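**Student:** Sequence plus the predicted model coming up.
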Amino acid sequence: MIKVNNVSKKYGSFTALHSIDLEIGEGEFIAVLGPSGCGKTTLLKLLAGFMGPTEGTIEMDDLVLASKKRVLPPEKRNIGMVFQSFALWPHMTVAEHVKFPLSYHPNKVKENKKKMQERMNEVLKLVGLDALAERYPSELSGGQKQRVALARAIAPLPNLLLMDEPLSALDVELRMEMRKEIQKLHRETKASIVFVTHDQGEALAIADKIVVMNKGRIEQIAPPEVLYTRPETEFVATFVGKCNLVKGQWQDDQFVPAIDSKNTWPDLGVTASFKENGIYPVRPEQFQLMPPESVGLQGVVSFVQYQGHEIHYTVEVEEATWTIHESVFSKRFATGDVVSISLKSSLVQKEMLISN
Amino acid sequence: MTAKQPKDRERKKRDSSFSLFFQSKNLYKIIGLLVIFAFFLLPVLRLVWLSFVDDGSLTMQYYTEVLKEPATWTTVKNTLIVVFGSTILALALGILFSWLVAYVELSGKKAMQLFIFLPFVIPSYITTLAWTQFFSASGPVTAILSWLPGDLQAPNLYSIGGIVLLLGISHYPLVYLFTVNVFRKIPRELEEAAATSGLSKKRTFWKIVMPLALPGIASGGLIAFLSNLDNFGIPAFLGTPANIRVLSTYIYEQVVGFGPSAFSRAAVLSVILGVIALAGTILQWFLLRRSRVNETNRSDSTPRIYLSAGKQKLLEVSLWVFLLVTSLMPLITMGALSLISAYGVPFKLENLSLRNYEYVFLTDSKPLTALSNSLQLAFFTMVICLVVGTAVAYLRFKYPDWSTKTAELFMTIPYALPGTVFALCMIFMWLEPIPGWNPGIYGTVWILFIAYVTRFLVLQVRGSYTAFLQIDPSMEEAARTSGASGWVKWRRILLPLLFPGIFSGALLVFLMALTELTVSSLLWSSGSETVGVVIFGYEQAGYSTYSTAFSTVLVLGILFGGGMFMLLSKLWDRKVLKKND
């Protein structure tokens, strides 16, 4: 159990983190998601111990890892870390990379040579590198390097595994494959994982819980599906769900768009904060386009982008510009067409239905 | 879990070093800076102070005295002519070579680069000796000219022109070094964009390439300018016989002349020299004021200009002829002429003997003592610089704030100062480190040792700092999250990765200290002669054959050492770092 209590970090006059609170449970897989400069890397570095907080404390199982005055250095923390650039040491073989933490990590097993060898073989087998143990990093492919970095991090069975955008240096195909690998490792090692990424697809796919950060603050902490379907802030709605923020009035559970008061939309799962501000966050796939004579808001198609599995329309509605995704099997429209826009009557997403 | 175990240890630590360190970080910074100030900047300030003081009272007497003498103004004029001429020559050669190597398709670029650097690793006074042999009555130039019709004479090197030529040839590698990567880093898209906008190749060069290369050219030009101003060996070897003085040799003459006011007059001349150096630095700043350096561009080593096969061959041949004539031929001539039995006799088999070598290494005891002195000085300077310089570089890399930047600036000053000026600073500082207390450092080998460490430390700092910059910070972070701390982290991870960079810095310090002449010519005392001082002594006494023999041995030693270094770093890259090229 890791507790981040009211942690702030300042670099000179710039505040990278504003009073962050976060709890990471035993064996939990947490993704920290946010655009570049949102403070996610700072948070990871604080968890690792490469620097100390300006305010607040970080605790692991009741041991204070870091406070304003005192920082337990990384080498004394029970952690493992996977770096964006892999950070493999060019002068060491794959086997030596795995042996290194087994000799020096707080969880080291160096008293027992045989045990160390066993553990090394076990780890190498787990990541599928047992045949390449004597290779040097320069003789490995990108995916293999990534596996070595993972093997080195998990070898000493750390309490907490930190991953700093570990997949961003890989190409798309390999990234999909390594997602599964990391999920497998999580199942088998049962370590808590903090996985930093700027790719929302990756975060949604891989984590138990997502922490969305923006400008040094936590916007929302929620399981992937809750985060996607019931965003609590405008930032989460647009960054994660690519929502169109439609202005209007909430009357009980009915929404009246400001642009055209003849229409009312039902509540498909909008959180209270949006209702207070008179906003309906609509994800692109929640809209449907119909010929102009149908019931709905009137708009003009300004761009059409074919994506294979769906079609992305950009539609001008009065002053606003909305993004709408339609299936390739639905009726097609062309640039300049006048269309009628309405909400798809899909399932109402209540929080209790999907939180588990 | 295990993280609980260190809890007790941690609690103890809280009361001692760790929290204290954080609280008094600024105190440590200030103490460190004060120490660095005392060793690196204070000597310079004391020199300036001394030029204004007579018997404890402020005076302008020395300035009025020195500035009234016509000899001062002749010297300043000579200095300016020599320095500007040689800087322009160094810039022209340096830019030409760096542009050709960066842009034009040529074979054997690596070997070419090696020969460009050769005049740089050979101390300039030895290069000068070699050139005087090259143009001497028994040298190949005279021999070739006598074959040609007409009454052609080999040019006289003992002239302002000779000094300019030798300074230019010795320092164009510096310009090359600063500009070649600047040229390589200019994105070729910029030139292509200019071409598609309708600019001809020539106009693209002047409108796009040159403005972008200006920062590198200006820095290279400044370094060449400062080196030309600072150089003592070349004007001392070539100027003294012809009665041509520049500031660096004039200061030397003042100090060894030991007049009643010798030191004060030398201090005044040093300030004048410092003002000229400062003017050059300001000129560079002025040129660079509006240019923006883009450090993130990738270096692109593939050629951009392809010549027809015939033209390429012609260019290669002419470049090689130039390189061989300017770097290797004079050395070979020197080696050959060191074998003739007496100065001036023709180079024939019956005149060859090892008598000069016999005299230098068996009869005269000074050269061997000097060699042993210089080797010891160079070795201990290297060791101290290696440890201190790498530590400073690590702090500079880890905490890149005002304190470490200022520290590096202070350390650069002794190296940037002209050698004669620096030597004077050292005398004033260590004669009486605290006014009224003379620990007897001046007049022993210790002042040389202190001076070398002070002067060359920044070379190691820069070398090690570059090495730190080249390894990704995550290498160290990965070691720490794997549990390695302190010595283990250095021994297993950092040192193997840093070794080539740190080692090349150390080798540079060793080489500079081994062949140093300017500083030691003012600081040596009987029994603490250095290699440079002995060769200079022979030359001044007119024993050219002895100085060439000793120099030839040194050159062979330097080339052997350089070769070993290249071999070792290549092996290290392949065997330890597993780099494949």
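**Tutor:** Cool, got the structure.
**Student:** Tell me where the stretch 151-300 of chain A has strands.
**Tutor:** For the stretch 151-300 of chain A, the strands defined by DSSP state E, counting those that start in this stretch occupy A:160-164, A:192-197, A:209-214, A:217-222, A:244-251, A:254-257, A:265-266, A:279-282, A:287-290, A:297-306.
**Student:** For the first one, C-alpha coordinates in CSV please.
**Tutor:** This file holds the C-alpha atoms of strand A:160-164, laid out as CSV (Å, rounded to 0.1, in the frame of the first residue of the first chain):
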residue,chain,number,x,y,z
LEU,A,160,6.1,-1.3,-6.5
LEU,A,161,6.9,-1.4,-10.2
LEU,A,162,7.2,2.0,-11.9
MET,A,163,6.9,2.3,-15.7
ASP,A,164,7.8,5.5,-17.5
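**Student:** Next, the angle strand A:192-197 makes with that strand.
**Tutor:** Counting by axes from the mean of the first three to the mean of the last three CA atoms, to 10 degrees, strand A:160-164 lies at 10 degrees to strand A:192-197.
**Student:** which residues touch strand A:160-164?
**Tutor:** With contacts defined as CB atoms under 8 Å, 6 or more residues apart in numbering or on different chains, strand A:160-164 is touched by A:2, A:24, A:41, A:44, A:47-48, A:60, A:77-84, A:153-154, A:182, A:189, A:191-196, B:481. From N, CA and C alone the C-beta is placed, and that goes for glycine too.
**Student:** Spell out which residues of the stretch 401-550 of chain B are next to chain A.
**Tutor:** Residues of the stretch 401-550 of chain B lying near chain A by CB under 8 Å from any CB of the partner chain: B:472, B:474-475, B:477-485, B:488-489, B:492-493, B:496-497.
**Student:** how about A:His91, secondary structure?
**Tutor:** At A:His91, secondary structure determined by DSSP: H, G, I helix; E, B strand; the rest coil is coil.
**Student:** Ramachandran coordinates for it?
**Tutor:** Phi and psi for A:His91, reported as degrees, to the nearest 10, are phi -100, psi 10.
**Student:** Just the element for the spatially most central residue of chain B, please.
**Tutor:** Nearest to the mean C-alpha position of chain B, counting by CA atoms, centre = their mean, stands B:Met512 at 7.0 Å. In this assignment (DSSP states H and E), B:Met512 forms part of helix B:495-515.
**Student:** and the contacts of strand A:160-164, which are buried?
**Tutor:** A:2, A:24, A:41, A:44, A:47-48, A:60, A:77-84, A:153-154, A:182, A:189, A:191-196, B:481 (16 or more other CB atoms under 10 Å in any protein chain shown).
**Student:** by how many degrees do the longest helix seen in chain A and strand A:160-164 diverge?
**Tutor:** In chain A, taking DSSP state H as the definition, the longest helix is helix A:172-189. Calculated by the same axes, to 10 degrees, helix A:172-189 forms an angle of 170 degrees with strand A:160-164.
**Student:** Now do helix A:172-189: everything it contacts.
**Tutor:** With CB under 8 Å, 6+ apart, helix A:172-189 has contacts from A:29, A:126-127, A:142-143, A:146-147, A:150, A:154, A:157, A:161, A:163, A:166-167, A:170, A:193, A:195, A:202, A:205-206.
**Student:** 10 Å - rerun?
**Tutor:** A:27-29, A:80, A:82, A:123, A:126-128, A:141-143, A:146-147, A:150-151, A:153-154, A:157-158, A:161, A:163, A:166-170, A:191-193, A:195, A:199, A:201-202, A:205-208 (CB atoms under 10 Å, 6 or more residues apart in numbering or on different chains).
**Student:** List the buried residues for that helix?
**Tutor:** For helix A:172-189, burial by neighbour count (16+ other CB under 10 Å) applies to A:Leu174, A:Arg175, A:Met178, A:Glu181, A:Ile182, A:Leu185, A:His186, A:Thr189.
**Student:** mind listing which of the buried ones among the contacts of strand A:160-164 are in helices?
**Tutor:** Short answer: the buried ones among the contacts of strand A:160-164 in helices (DSSP H) are A:Thr41, A:Leu44, A:Leu47, A:Ala48, A:Ala153, A:Ile154, A:Ile182, A:Thr189, B:Thr481.
**Student:** Between which two of the residues you listed is the distance greatest?
**Tutor:** Farthest apart among these by CB to CB are A:Thr41 and A:Thr189. That separation is 23.4 Å.
**Student:** What distance do you get for B:Trp430 to B:Leu517?
**Tutor:** 20 Å (CB to CB, to the nearest Å).
**Student:** Under the pLDDT cut-off, which ranges of chain A? List them.
**Tutor:** A:109-111, A:346-356 (pLDDT under 70).
**Student:** what's the spatially most central residue of it in contact with, if anything?
**Tutor:** The geometric centre of chain A, computed from its C-alpha atoms, lies nearest to A:Ala203 (CA atoms, centre = their mean), at 3.0 Å. Counting by CB under 10 Å, 6+ apart, A:Ala203 touches A:30-34, A:195-197, A:209-212, A:224, A:227, A:240.
**Student:** Relative to chain B, which of those residues is nearest.
**Tutor:** Comparing those against chain B with CB to the nearest CB places A:Val196 closest, at 13.6 Å.
**Student:** right, and that closest one touches A:Ile206 too?
**Tutor:** No. If you go by CB atoms under 10 Å, A:Val196 and A:Ile206 don't touch, sitting 11.8 Å apart.
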